[in-house]
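Colleague: build the 3D model from these lines:
(chains A, B, C and D)
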Number of protein chains: 4
Amino acid sequence: MAGSMLGEVFRISTWGESHGKGLGVVVDGCPAGVPLSEEDIQKYLNKRKPGETRYATPRKEDDRVSIWSGVFEGKTTGTPIAMTVENKSHKSADYSEIASYYRPGHADYTFDAKYGFRDYRGGGRSSGRETIGRVAAGAVAARILSEMGIRITAYVREIGPYCCREEHVSFENIEKSPLRMPDLQMSEQAEEYLASKMREMDSCGGVIECVISGVPAGIGEPVFGKLDALLAGAVMSVGAVKGVEIGAGFAAAGMSGSENNDEFYVDADGGIKKKTNFAGGVLGGISDGDDIIIRAAFKPTPSVFRPQHTVNKDGENIEVQIKGRHDPIIVPRAVVVVESMAAITLVDRMFVAMTSQMDRIRDFYTNTN
Amino acid sequence: MAGSMLGEVFRISTWGESHGKGLGVVVDGCPAGVPLSEEDIQKYLNKRKPGETRYATPRKEDDRVSIWSGVFEGKTTGTPIAMTVENKSHKSADYSEIASYYRPGHADYTFDAKYGFRDYRGGGRSSGRETIGRVAAGAVAARILSEMGIRITAYVREIGPYCCREEHVSFENIEKSPLRMPDLQMSEQAEEYLASKMREMDSCGGVIECVISGVPAGIGEPVFGKLDALLAGAVMSVGAVKGVEIGAGFAAAGMSGSENNDEFYVDADGGIKKKTNFAGGVLGGISDGDDIIIRAAFKPTPSVFRPQHTVNKDGENIEVQIKGRHDPIIVPRAVVVVESMAAITLVDRMFVAMTSQMDRIRDFYTNTN
Amino acid sequence: MAGSMLGEVFRISTWGESHGKGLGVVVDGCPAGVPLSEEDIQKYLNKRKPGETRYATPRKEDDRVSIWSGVFEGKTTGTPIAMTVENKSHKSADYSEIASYYRPGHADYTFDAKYGFRDYRGGGRSSGRETIGRVAAGAVAARILSEMGIRITAYVREIGPYCCREEHVSFENIEKSPLRMPDLQMSEQAEEYLASKMREMDSCGGVIECVISGVPAGIGEPVFGKLDALLAGAVMSVGAVKGVEIGAGFAAAGMSGSENNDEFYVDADGGIKKKTNFAGGVLGGISDGDDIIIRAAFKPTPSVFRPQHTVNKDGENIEVQIKGRHDPIIVPRAVVVVESMAAITLVDRMFVAMTSQMDRIRDFYTNTN
Amino acid sequence: MAGSMLGEVFRISTWGESHGKGLGVVVDGCPAGVPLSEEDIQKYLNKRKPGETRYATPRKEDDRVSIWSGVFEGKTTGTPIAMTVENKSHKSADYSEIASYYRPGHADYTFDAKYGFRDYRGGGRSSGRETIGRVAAGAVAARILSEMGIRITAYVREIGPYCCREEHVSFENIEKSPLRMPDLQMSEQAEEYLASKMREMDSCGGVIECVISGVPAGIGEPVFGKLDALLAGAVMSVGAVKGVEIGAGFAAAGMSGSENNDEFYVDADGGIKKKTNFAGGVLGGISDGDDIIIRAAFKPTPSVFRPQHTVNKDGENIEVQIKGRHDPIIVPRAVVVVESMAAITLVDRMFVAMTSQMDRIRDFYTNTN
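Modeller: Sure thing, here's the model as predicted:
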């Protein structure tokens, strides 16, 4: 789980800079026989496109995916799936100035410290375009999960002081909101808030909640391979995420044990259920059959148009004013990125979990061979 | 990064149940020539012992570590370091009843769902005693880091409504507080709060903050190998942790970009510094030379002595009352566990980061061979 | 697959030096529900003991295994299995001289070059005793395989100029030969050959063949995860192995395609079989249902009692005469080590192969949850 | 080390089928600052092209590489390097018949057994074209090694009964031979032998030797991470390889210890050298500073034009005659593939080996930060 590769059995390898020839991903370990087309991937990629609203960069990102391998006659073959998206609208001129200084809140300085130099065009590998590889792989993972009846849905829960009220959240409303906030009243207020920030040449962050339904109990390993630990690591790896929580999350720290414990009960069908879900669907790192709930906190876009103090590469204190086209908020576009990271992580764990019990392994091999 | 193994170059493999023969860890990838003794490990293990206060289980956990391999004449040899701690006081009788039902908030149900059965004695592998392996490995990692001038310090920041005030936090006070809360006034109030919870046969959670000082800029990889993502995953893998944040964390989601951006400046020595540290020492997943700040939210101990509703293995709804000796709060004992996870993760990343630049690799091999 | 850890889903972590406190292994990723006792492990370890014959060191290696974790009520629990063997008869005095020079054919020089110093007592980590961890893990893997009807058998095929004739090889004879050569006539001649080498204060190598029966077709991944590639790497990692081949091996290089191709046919039961098995049971890196055949070439024991030229740590050319107790041949004792490496590798691949087809994954999760 | 990914710090991920849109590789973990151009890669790829001789398929494989990412202003940036080669001349019609039956010696049957179906066009992922990704990554690895003064050279040592005589082997002659056999007299005889096999509608295999010069002592880990074990696994993963040996290899099994031990001596410059190199440059899995010698046995091309017996997918015994264009020998074209696997493996180990000694790690971080 280093650099740009992720996973143990379902493995992905992403690559690409914002202003190179393109970006993409290789998915290794996808089983054979999954129906898959470029259109399945494209639907996911479109969800991270800037869209038509004023809350996103007017840059045209008409990202068309191309599948190079691993799919034959409409189905995956079990061999690696390589996908590429070409960079079309890279006007490098926009970015030439930023080569000379370190933008506050960006990775310019740390890339230079690590590598000795950097591809300064549009953030290079630290650009938000890096998520194209994640989302293309996430679309494959989501396709696999849908074959097992598992559904992943994320939405924007908070922007500034505006937070969706749980009773007003309906998943059908997500795409009705330009901010992907399914409490439409809060969405409107958040829009106004965001507009005011834009007038102030400033930017916003927010919180995304992701709900995974249909996961059977028993997925995840104890200790380091805990399902929630791997989900947290995967979601925290998304640029701009500064915090992750599961279930009650930070609120759990303030609760008493008798409040926080989810009591078990047997339902009408004899299934074991929990009366509440403060655990967020994971106990001891292993799924408990309930919805898995993750939340991620995104910091505000660092590219603000106000003048800022910083240093240049000659070691001088300077004042800068960032130009170009930048999202005043990236949170709505990041919804599909969070879904993708959750899907990629979960598929890998579900594959590993197939080896938890000797009886089931024996049955697997006896029934088929 | 699955199951009970962690790391890529500095790798650990932990094992052990609360009521088996013992627990331990193998550390592979420790460089040769690190001064190391059993006493170095023991100091760390002692920090996770229940201690003398009333806020911890009266169980005697006189955990003595034994080093079996990898150390010769007081120094590591570069080969795997195996360490064991024997289980001494396992009165299995205390736990026999819980074999028949699923304790709320515990992993009993999910272990059964995953493995078909479980070692029910004292939680088995999901017991807090599992952290012995983490802490022993963490002691080795911390020893390596100290050779490079890096120091990791964690403390309890919040218990219930009581939160250390930043200006009152002094690291020297940590061990003066029975709760490891270095704002001693808050510590006293938290003690009272905790006592009230104990009278109510209830339990508490809390928040731990961990500060890593002395890390050079340039550690961590972009994308999935981000330093903060790996730290988050590692800390979230500690039992009872439900949330993790870096720097401003969830608060960053509510800030504007102009507030949240840490402006750079050149200090008197020509070093590049940040005026603030909302980033928590990591930009784009790579260390920026500033203190790295992580916080972890721990849920309250699930073993409360109040009656609770749950189900038994026969699928019946029942009421249970947990007996035995249980910590009303585990957060102070978890401080060294968080330090250990941070140390293990950071050492691994510092080793990987040695290969970031061709010039430095060439120098490394030219100078020595 | 670095250092002392191996595997992806079924993972092992070995440790220990010949003259430390002991040696052992942690097995992570073993499924729950495998019947396992210390006796199962001990049987395997006994096969690598020096035994009673004159062809092995008179050192007493009464290696008793102890299982510390991962087994409860006679069955594995799915959590890590830690096993230790204490070092009993380490008369360090025997080895003190060799600290000062580099024995030809041993790893003394390369360990110093790599680590700056070494545990010189009896070879430390490069001792043949290192295989204790491999064999203990191999016993677990073999136990899992036997649950699926898979059997691994290795034997000594060649010693010096004496090679078992295929038509005289019967697996029942393996343990009847003090050299584990199942062609008993060749075994006798090899014994005489070995005796002559011992009189000459010299040593011998040999070739081990390993046969794996009952593996279903379809195990192994294309490209780097080929079953034969992983078997080759695993067997080559055994000390003293200098060559590995699959099926016809090096002889295949001299054959024509029409000779070497194994023609397929349909047998009476409708099964697809091969008329010959030059492939050694693997085509394109994937098992074909036939016996898997691996051979490993072991170099002669480097500890010969004849005077040899070498250098000391002061950089002087010297003549040395190695003392102590050393096997004139280690090949018969290595038979169980080869079996172990094959078992460990195969279990891991069989676990990974469970995720090759979407239909079977869906069935797995649908049938059970 | 599974599927199509390889390596721990220097990691590659290959993909592509013979008749899909293209093939390629992602290299993650390449340090920043390595001079690299498409031409560097192309030179390597050209070495695996069919060439102009009659001993290779007349298929036109005009494989042009394209670098998509990870290189900026002529140097690597430290981020993933994605490379693609488009498939141009895929006349799928040639291969339509083979969809219905299993070719002897090919992976048709095992792919079906594993995945349930296969991309039957030209072997799909099991085609020799799969090596394009290996060679492109190998070119990057070789570029890194050349920065450290390490050179990797492979050549054809044996074809049929013709074996290069050691004293006639001169690396400058390699490219003078259409078979890459640097003993030019043997090369001529092998050409005649090969011509006779072609007349008989048959095919040949052979042995490749690979020599790595300039590797410092101390590279490789004990136990499973042995340099020779990883080289063996990597080379055995090349399609058609059935055996691998290091140094004296299988011949070592027939030698006595006094013959096989390489005696050390101190040379005029005070360096520690070996009088012979039966070890092949590796002792105890760690490089000893001498040339590293690997040999790989390639089976004959399975696509022979003679009639063969086999089975079809309906489970019937049939006779087939393979059509199309196939190499009568692939060994000369595989030379660069073996070099590539050696380079990829060695770079990864050299990166890991930088963390062997605490003193050197401390120096590394102290000198630079």
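Colleague: all helices of the stretch 1-150 of chain A, in order?
Modeller: Secondary structure of the stretch 1-150 of chain A, counting by DSSP state H, counting those that start in this stretch: helices at A:38-47, A:108-115, A:131-147.
Colleague: closest to residue C:328 out of those helices?
Modeller: Closest to residue C:328 of the helices of the stretch 1-150 of chain A, according to C-beta to C-beta: helix A:108-115, at 54.2 Å. In short, each C-beta sits where N, CA and C put it, glycine included.
Colleague: with distance to chain D added, can I get the helices of the stretch 1-150 of chain A in JSON lines?
Modeller: Formatted as JSON lines, the helices of the stretch 1-150 of chain A follow (distance: least, C-beta to the nearest C-beta, whole Å):
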{"stretch": "helix A:38-47", "distance to chain D": "11"}
{"stretch": "helix A:108-115", "distance to chain D": "4"}
{"stretch": "helix A:131-147", "distance to chain D": "9"}
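Colleague: these: which one's closest to residue C:264?
Modeller: helix A:131-147 (32.6 Å).
Colleague: which helices and strands sit right next to that closest one?
Modeller: strand A:11-16, strand A:22-28, helix A:38-47, strand A:81-86, strand A:151-159, helix A:331-352, helix C:358-368 (3 or more C-beta pairs under 8 Å, 6 or more residues apart in numbering or on different chains; DSSP states H and E).
Colleague: repeat the analysis, applying 7 Å as the threshold.
Modeller: When contacts are defined as 3 or more C-beta pairs under 7 Å, 6 or more residues apart in numbering or on different chains; DSSP states H and E, helix A:131-147 sits against strand A:11-16, strand A:22-28, helix A:38-47, strand A:81-86, helix A:331-352, helix C:358-368.
Colleague: what's next to it, contact-wise?
Modeller: By C-beta atoms under 7 Å, 6 or more residues apart in numbering or on different chains, the surrounding residues in contact with helix A:131-147 are A:10, A:12, A:14-16, A:23-25, A:27, A:30, A:34, A:36, A:40-41, A:44-45, A:48, A:63, A:65, A:81, A:83, A:85, A:152, A:336-337, A:339-341, A:343-344, A:346-347, C:358, C:362.
Colleague: and the lowest-mean-pLDDT helix or strand in chain A, does that touch chain D?
Modeller: Least confident helix or strand of chain A, by mean pLDDT, DSSP states H and E, is helix A:358-368 with a mean of 89. No: Helix A:358-368 is not in contact with chain D by C-beta under 7 Å from any C-beta of the partner chain; minimum separation 10.1 Å.
Colleague: for that helix, buried residues please.
Modeller: A:358, A:360, A:361, A:362, A:364, A:365 (16 or more other C-beta atoms under 10 Å in any protein chain shown).
Colleague: low-confidence regions, chain A specifically.
Modeller: A:1-2, A:51-61, A:89-96, A:367-369 (pLDDT under 70).
Colleague: get me the contact residues on it for chain D.
Modeller: Counting by C-beta under 7 Å from any C-beta, the residues of chain A close to chain D are A:3-5, A:11, A:13, A:15-17, A:20-22, A:24, A:26, A:28-29, A:32-33, A:68-70, A:72, A:77-80, A:82, A:114-119, A:124-125.
Colleague: can you do 6 Å?
Modeller: Proximity of chain A to chain D is confined to A:3-5, A:11, A:13, A:15-17, A:20-22, A:26, A:28-29, A:32-33, A:68-69, A:72, A:77-80, A:82, A:115-116, A:119, A:125 under the rule C-beta under 6 Å from any C-beta of the partner chain.
Colleague: can I get the helices and strands packed on helix A:131-147 in CSV with distance to chain B?
Modeller: Shown next, in CSV, are these (distance: least, C-beta to the nearest C-beta, whole Å):
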stretch, distance to chain B
strand A:11-16, 6
strand A:22-28, 11
helix A:38-47, 17
strand A:81-86, 16
helix A:331-352, 6
helix C:358-368, 10
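Colleague: what's the neighbour count on residue A:199?
Modeller: A count of neighbours around residue A:199, defined by other C-beta atoms under 10 Å in any protein chain shown, yields 8.
Colleague: gap between it and residue A:305?
Modeller: According to C-beta to C-beta, to the nearest Å, residue A:199 and residue A:305 sit 11 Å apart.
Colleague: ok, residue A:104 next?
Modeller: With distances taken as C-beta to C-beta, residue A:104 is found 13 Å from residue A:305.
Colleague: also residue A:30?
Modeller: For residue A:30 relative to residue A:305 (C-beta to C-beta), the value is 43 Å.
Colleague: for residue A:319, same thing?
Modeller: Taking C-beta to C-beta as the criterion, residue A:319 is separated from residue A:305 by 13 Å.
Colleague: who's more crowded, those two?
Modeller: More neighbours surround residue A:305 than the other of residue A:319 and residue A:305, with 18 against 9 (other C-beta under 10 Å).
Colleague: so that one touches residue A:201, yeah?
Modeller: Yes: using C-beta atoms under 6 Å, residue A:305 makes contact with residue A:201 at a distance of 4.0 Å.
Colleague: tally of neighbours for residue A:196?
Modeller: Counted by other C-beta under 10 Å, the residues lying close to residue A:196 total 12.
Colleague: and it, its phi and psi?
Modeller: For residue A:196, the backbone dihedrals (degrees, to the nearest 10) come out as phi -70, psi -40.
Colleague: close to chain B: what parts of the stretch 251-369 of chain A are there?
Modeller: Contact residues (C-beta under 6 Å from any C-beta) of the stretch 251-369 of chain A with chain B: A:252-253, A:255-258, A:260-261, A:263-266, A:270, A:272, A:283-284, A:286, A:288, A:297-302, A:304, A:306, A:308-311, A:315, A:317, A:356-357.
Colleague: now the helices and strands packed on helix A:131-147 as a markdown table including distance to residue D:234?
Modeller: Putting the helices and strands packed on helix A:131-147 into a markdown table (distance: least, C-beta to C-beta, whole Å) gives the following:
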| stretch | distance to residue D:234 |
| --- | --- |
| strand A:11-16 | 18 |
| strand A:22-28 | 17 |
| helix A:38-47 | 32 |
| strand A:81-86 | 22 |
| helix A:331-352 | 25 |
| helix C:358-368 | 30 |
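Colleague: which parts of stretch A:199-211 are buried?
Modeller: Result for stretch A:199-211 [16+ other C-beta under 10 Å]: buried residues A:202, A:203, A:204, A:205, A:206, A:207, A:208, A:209, A:210, A:211.
Colleague: helices of the stretch 151-300 of chain A, residue ranges please.
Modeller: Using DSSP H, counting those that start in this stretch, helices in the stretch 151-300 of chain A cover A:184-199, A:227-236, A:257-260.
Colleague: tell me which of these is the most buried.
Modeller: Among these, ranked by average contacts under mean count of other C-beta atoms under 10 Å in any protein chain shown, first place goes to helix A:227-236 (a mean of 29).
Colleague: dihedrals phi and psi, the closest residue in space to residue A:226 that isn't next to it in sequence?
Modeller: Leaving aside its chain neighbours, residue A:226 sits nearest to residue A:285 (2.6 Å; criterion: C-beta to C-beta, 6 or more residues apart in numbering or on different chains). Note on residue A:285: its backbone torsions stand at phi 90, psi 0 [degrees, to the nearest 10].
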